[in-house]
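Trainee: Sequence plus the predicted model coming up.
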Amino acid sequence: MTNEKDVIEIMLEDLKRALAKPKNQRKWGMTIDLEKCIGCHACTTACKNGNMTPPGVLYRQVAEFEFGEYPNTRVVFFPRPCMQCQEPPCTKVCPVNATWLGEDGIVVIDYKKCVGCGYCIVACPYGARARDLGLYYSQEIKKISYELEPFKEYNRFWARTSHFSSPVGNARKCHFCIHRVEVGKLPKCVDSCLGRATYFGDLNDPQSLISKINASALIAFKYKEELGTKPIVTYVVSSNRALARYLAKI
Amino acid sequence: MAGIRELLTDILPTKEDGQRVLREFIQGKAGLLTYLSFIALLISLIAVARIFIIGHGETTNTNAQVPWGLQITTYIYLVLISTGCTFANFFGVALAKEYYKPIAPKIIFFAILTTIGGMFGLLTELGHPERLYMWFLSPQPKSPMWWMPVWYTAYLLALIYVFIQLRRGHASFKHSLVIFIIATIKHSTLGALIGVNEARFYYYSALMPIYFLIFAFMTGVAASAIIAAVEAPKLGPKGEKLVDFFRKMLISGLALALLLGFWRIAIGLYGQAHGAEVFELTLGNQIFYVIILGSIVPLVLLYFLTSRTALILISLFIMVVQFKARYDLIVGGFKIPVWRAYTIPEIVKYVPTIEEMLVFVGGLSLSLFVYLIANRANMLSVKEEK
């Protein structure tokens, strides 16, 4: 037994500090340490469960890649949440202003405004958006009440009771579980990460764990940064520059 | 009041014509194509009802990897024809007014109908079409898509006005120029809507607005050429000149399309960015449908075959091939996934459902059925020469 705090505990303390500040003075960020990701998909599962996402909508996926040449090969797990771009291509194309970059750095969607045209899905270079087509996992059998129950997103409850009720018909995406964050809880993917590979916190706070991780990382990269989208998610690898270069553009 | 009454008599059929068409339709004398398009329209309405009642998830095959499929292709293809019809009208009025004038209302009316048919496809694709009022309540002019209803409103109003004028016998160059300009702005905005997508290498190009205009010209002229060739016998010697004029205009359109199609492929093959391999993947299809079948074959055929029947058949052929080419363009943009997770194939495949296919049938048959009925009711002829 050690007295060292678990990173989850540290991040929860960071969260408390951040929430004490006005909203416009904090900037939520996420850093994923690819050396620690064990590819268990617990984040994907927890996210699905927490956000009640239907078939075809995955806020957080984990891709698997083989990297290197025989005999020096390895498998890399590459989780992909929404990059919460600070120059988001998805918000610019929305014809009805149904999606925008919030002052805390999160790209949000107003389900009541979204007309479901799919333009933001086409514009996202990360494949982070998908349309809720009104499918249910219990489609083939009788729809079970679990899938029809209200769930919280963007600080209000939604229920997918029919295909006319939002968010059915809308574009959906990862929002860093902002409804949880604002009540002092970590995003589902962070909470559930077995390898403690995902860090979350206020990037404006230099004392936060995420700021320290970002500052001390030997090799860090942003996914498809060359597109000028300014993604807020940072990926960290310990020493393999070639791997970082490979993943940054994959 | 008198003005409105006069306007209605100008655009609506007479009571006798209306009753005659209804009688012919009931008695089975309205023509095979009229019945076929009517039946196709009814069947497609069932498909549309299924999409909205059962939901997009179970009736369409679009998904996160292929967000736009056959319904958007239907929209793009039909509004492409509409734009091309206004271009044909512009050149008809400018260069061949004498023999083009009698068919001008028909071409403009078909342009109106194909726009409505295109909207039919588009509305079935939207997740929440009931929220279209958001365009006014929450506008975002930065988005090319926001401008589309603005241009469509101007376009349709201008087309309706010009149609009334043409019916009254006023084939004005000024009018055709105005709709030519509005159609150019509208359709190039649609090209820009696709072309601004940096995330999709297949789309991302400043060439796209011009590409859309040229292919609209070629496809719309093909549609107009069919109308011209069908109507030609009623025009006597003028009819022959009209057919020749449309044949030459179609040759010009095909030559331009060949040029632009070739350079789009060639420039695309040079790409090294993420997703650039899509041009290699679709090379066979593009060479076959855009270059060979889409341009060279009809060009050669039109050069050697000058008859009225040949013009109808070649134009029909062009329209069919162009539909395939538009489908390849829209769906091709999603062939290479932007995100390659283990659950996503290296090359994304999309096969439309029956409902999606019927949306296309519906858009097309709506345009065709209303056109045929209106034509039978003498709604599309010039009322008086002024």
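Mentor: It's in.

Trainee: for chain A, what are the nearby residues on the stretch 101-250 of chain B?
Mentor: Residues of the stretch 101-250 of chain B found near chain A (C-beta under 8 Å from any C-beta of the partner chain) are B:125-132, B:134-135, B:137-140, B:142-146, B:148, B:193, B:196-200. Where you see a C-beta, it was placed from the backbone N, CA and C, and this is true even at glycine.

Trainee: Now restrict the residues you listed to buried residues only.
Mentor: Buried members of those, scored by 16 or more other C-beta atoms under 10 Å in any protein chain shown, are B:125-128, B:131, B:134-135, B:138, B:140, B:143-146, B:148, B:193, B:196-200.

Trainee: what's the distance between the residue positioned nearest the centre of chain A and residue A:111?
Mentor: Compute the mean C-alpha point of chain A, and by C-alpha atoms, centre = their mean the closest residue is residue A:81, 3.1 Å away. If you measure residue A:81 against residue A:111 using C-beta to C-beta, to the nearest Å, the figure is 19 Å.

Trainee: Could you list the low-pLDDT ranges of chain A?
Mentor: Applying pLDDT under 70 to chain A picks out residues A:1-3, A:142-144.

Trainee: can you name the farthest residue from the center of it?
Mentor: residue A:71 (33.9 Å).

Trainee: Next, that residue: phi, psi?
Mentor: Main-chain torsions, residue A:71, degrees, to the nearest 10: phi -90, psi 0.

Trainee: Relative to chain B, how far out is it?
Mentor: Going from residue A:71 to chain B by C-beta to the nearest C-beta, to the nearest Å gives 23 Å.

Trainee: Repeat that for residue A:46.
Mentor: Per C-beta to the nearest C-beta, residue A:46 is found 17 Å from chain B.

Trainee: What of residue A:79?
Mentor: Using C-beta to the nearest C-beta, residue A:79 is found at 10 Å from chain B.

Trainee: Next, count neighbours for that residue.
Mentor: Per other C-beta atoms under 10 Å in any protein chain shown, the neighbour tally for residue A:79 reads 23.

Trainee: tell me which residues of the host helix or strand of it are tucked away?
Mentor: Element membership for residue A:79 (DSSP states H and E) is strand A:72-80. The neighbour-count check on strand A:72-80 (16+ other C-beta under 10 Å) flags A:76, A:77, A:78, A:79, A:80 as buried.

Trainee: Break chain B into its domains for me.
Mentor: B:14-60+B:355-381, B:67-352 (automatic domain parsing).

Trainee: Just send those domains back as TSV, with mean pLDDT too.
Mentor: Below are the domains of chain B laid out as TSV (pLDDT from 0 to 100):
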stretch	mean pLDDT
domain B:14-60+B:355-381	94
domain B:67-352	94
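
Trainee: Quick check, the residue in chain A closest to chain B?
Mentor: Residue nearest to chain B within chain A (C-beta to the nearest C-beta): residue A:116, separated by 1.9 Å.

Trainee: Pull the number of nearby residues for that residue.
Mentor: Applying other C-beta under 10 Å, we find 24 residues neighbouring residue A:116.

Trainee: Over to residue B:238?
Mentor: Number of residues near residue B:238 (other C-beta under 10 Å) recorded here: 16.

Trainee: helix/strand/coil for it?
Mentor: For residue B:238, the assignment made with DSSP: H, G, I helix; E, B strand; the rest coil gives helix.

Trainee: Strands of chain A, start to end?
Mentor: A:28-33, A:61-69, A:72-80, A:99-101, A:107-109, A:130-131, A:151-153, A:156-158, A:171-172, A:198-202, A:219-221, A:233-237 (DSSP state E).

Trainee: For residue B:110, give me its contacts.
Mentor: Shown in contact with residue B:110 (C-beta atoms under 8 Å, 6 or more residues apart in numbering or on different chains): B:81, B:82, B:85, B:223, B:224, B:227, B:367, B:371.

Trainee: could you dump those to JSON lines with neighbour count?
Mentor: As requested, the contacts of residue B:110 are exported to JSON lines (neighbours: other C-beta atoms under 10 Å in any protein chain shown):
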{"residue": "B:81", "neighbour count": "28"}
{"residue": "B:82", "neighbour count": "31"}
{"residue": "B:85", "neighbour count": "32"}
{"residue": "B:223", "neighbour count": "26"}
{"residue": "B:224", "neighbour count": "31"}
{"residue": "B:227", "neighbour count": "22"}
{"residue": "B:367", "neighbour count": "27"}
{"residue": "B:371", "neighbour count": "23"}
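
Trainee: which one among those residues gets closest to chain A?
Mentor: Nearest to chain A among the contacts of residue B:110: residue B:82, at 20.0 Å, using C-beta to the nearest C-beta.

Trainee: top helix in chain A by residue count?
Mentor: As assigned by DSSP state H, the longest helix anywhere in chain A is helix A:7-19.

Trainee: Identify those among the contacts of residue B:110 that sit within helices.
Mentor: Of these, the ones assigned to helices by DSSP H are B:81, B:82, B:85, B:223, B:224, B:227, B:367, B:371.

Trainee: Just list what the helix or strand harbouring residue B:318 packs against, helices and strands only.
Mentor: Using DSSP H and E, residue B:318 sits in helix B:308-332. On a contact count with 3 or more C-beta pairs under 8 Å, 6 or more residues apart in numbering or on different chains; DSSP states H and E, helix B:308-332 meets helix B:70-100, helix B:208-231, helix B:237-269, helix B:297-304.

Trainee: Tell me which of the ones you listed sits nearest to residue B:34.
Mentor: Across the helices and strands packed on helix B:308-332, the minimum distance to residue B:34, taken as C-beta to C-beta, is reached by helix B:208-231, at 13.7 Å.

Trainee: Dump the closest one to PDB, keeping only the CA atoms.
Mentor: Extracted C-alpha coordinates of helix B:208-231, given in PDB (Å, rounded to 0.1, in the frame of the first residue of the first chain):
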ATOM      1  CA  MET B 208     -16.200  21.900 -57.700                       C
ATOM      2  CA  PRO B 209     -18.500  25.000 -58.300                       C
ATOM      3  CA  ILE B 210     -17.400  25.100 -61.900                       C
ATOM      4  CA  TYR B 211     -17.600  21.300 -62.200                       C
ATOM      5  CA  PHE B 212     -21.200  21.500 -61.000                       C
ATOM      6  CA  LEU B 213     -22.100  24.300 -63.500                       C
ATOM      7  CA  ILE B 214     -20.600  22.500 -66.500                       C
ATOM      8  CA  PHE B 215     -22.200  19.200 -65.700                       C
ATOM      9  CA  ALA B 216     -25.500  21.000 -65.100                       C
ATOM     10  CA  PHE B 217     -25.200  22.600 -68.500                       C
ATOM     11  CA  MET B 218     -24.600  19.300 -70.200                       C
ATOM     12  CA  THR B 219     -27.300  17.300 -68.400                       C
ATOM     13  CA  GLY B 220     -29.900  20.100 -68.500                       C
ATOM     14  CA  VAL B 221     -29.300  20.600 -72.200                       C
ATOM     15  CA  ALA B 222     -29.700  16.900 -72.700                       C
ATOM     16  CA  ALA B 223     -33.100  17.100 -70.900                       C
ATOM     17  CA  SER B 224     -34.100  20.200 -73.000                       C
ATOM     18  CA  ALA B 225     -32.900  18.500 -76.200                       C
ATOM     19  CA  ILE B 226     -35.400  15.700 -75.500                       C
ATOM     20  CA  ILE B 227     -38.200  18.200 -75.200                       C
ATOM     21  CA  ALA B 228     -37.100  20.100 -78.300                       C
ATOM     22  CA  ALA B 229     -36.800  16.900 -80.300                       C
ATOM     23  CA  VAL B 230     -40.200  15.700 -79.200                       C
ATOM     24  CA  GLU B 231     -41.800  19.000 -80.100                       C
END
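
Trainee: angle of that helix against helix B:70-100?
Mentor: Here helix B:208-231 runs at an angle of 50 degrees relative to helix B:70-100 (axes from the mean of the first three to the mean of the last three C-alpha atoms, to 10 degrees).

Trainee: residue contacts, the residue in chain B sticking out farthest from the centre?
Mentor: Going by C-alpha atoms, centre = their mean, the residue of chain B most distant from its centre is residue B:342, 38.5 Å out. Contacts for residue B:342 (C-beta under 8 Å, 6+ apart) come out as A:63, A:64.
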